[in-house]
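Enquirer: The following block contains a protein sequence and its predicted model.
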Amino acid sequence: MSQSRPRGRLKSIVLSALALGIGLGAAPALAQSGFTSAYTDLNLDTACLVLEADDFSVIWACPGYKGYPVQVSEGDLRYGIRYGFNIDVDSPFQTPPPFNNLGAKLEWRLSNASGRWMPVATIVRYHLADPETGENSGQVLVVTQLAPGNTCHIAYVDARANSDANELARAAADKAGDFDCATDTIATPGTFAAW
């Protein structure tokens, strides 16, 4: 009889947990909450379409996450990326100060806070040129917040000075939405010596 009590108590605990929604069926939903990453190509020669070009600048349209518009611009040996369906109004041209070029992949940080995976930020690697030699001498991961009317760079992570640069950039991206592009200062998590 003493053996039936622990079984009865265990059965009672399991039934109570199931009634509260804490059972095994709820675990996958909890595991899926939060953030994840998806990747798109940013190879300007093979993945993007030239929209405009003249002697001083070029503008490309590139594939974004599930059709999210991406526009890459180059001028004065610097690249910038603009995002969104209303690019001219919502997304300013921003670029790191040194002469630069872009890495070939764009990382999209996705949140399922709304119940479906939506892009909230991007991370792209910029290769920075030495001002004297013109050779690539640094790398910065640029984190951009994606929000209508409030899309802008929110963090610069020095990829060569931090062994955990990707993790630092993702942590900064996962704070997207709280940044005010008009008043907040761009973060530089970790060690920063890129410029």
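Expert: Alright, I've got the coordinates.

Enquirer: Lowest average confidence across helices and strands of the protein, where is it?
Expert: helix 27-32 (a mean of 36; mean pLDDT, DSSP states H and E).

Enquirer: Going toward the C-terminus from it, what's the next helix or strand?
Expert: Next along the chain after helix 27-32, taking DSSP states H and E as the criterion, comes strand 35-41.

Enquirer: got a list of contacts for that next one?
Expert: Strand 35-41 has contacts (C-beta atoms under 8 Å, 6 or more residues apart in numbering) with 47, 62-65, 70, 104-112, 117, 119-120, 170, 173-174. Bear in mind the C-beta positions are built from the backbone N, C-alpha and C, glycine included.

Enquirer: So for the spatially most central residue of the chain, what pLDDT did the model give?
Expert: Among the residues of the chain, T122 comes closest to the average C-alpha position under C-alpha atoms, centre = their mean, at 2.5 Å. For T122, the pLDDT comes out at 98.

Enquirer: That one against Y83, yeah?
Expert: Yes - using C-beta atoms under 8 Å, T122 makes contact with Y83 at a distance of 7.0 Å.

Enquirer: overlap in contacts of the two?
Expert: Any residue near both T122 and Y83 by C-beta under 8 Å, 6+ apart counts here, and that gives 144, 146.

Enquirer: does T144 have beta-bridge partners, and which?
Expert: T122, H153 (DSSP bridges).

Enquirer: Same question for Y39.
Expert: E107.

Enquirer: Over to V58?
Expert: Beta-bridge partners recorded for V58 (DSSP bridges): A53, E74.

Enquirer: From here on, call the first residue 49.
Expert: Understood, numbering begins at 49; the last thing we discussed is V106.

Enquirer: hang on, isn't it packed against S121?
Expert: Yes - judged on C-beta under 8 Å, V106 makes contact with S121 at a distance of 7.3 Å.
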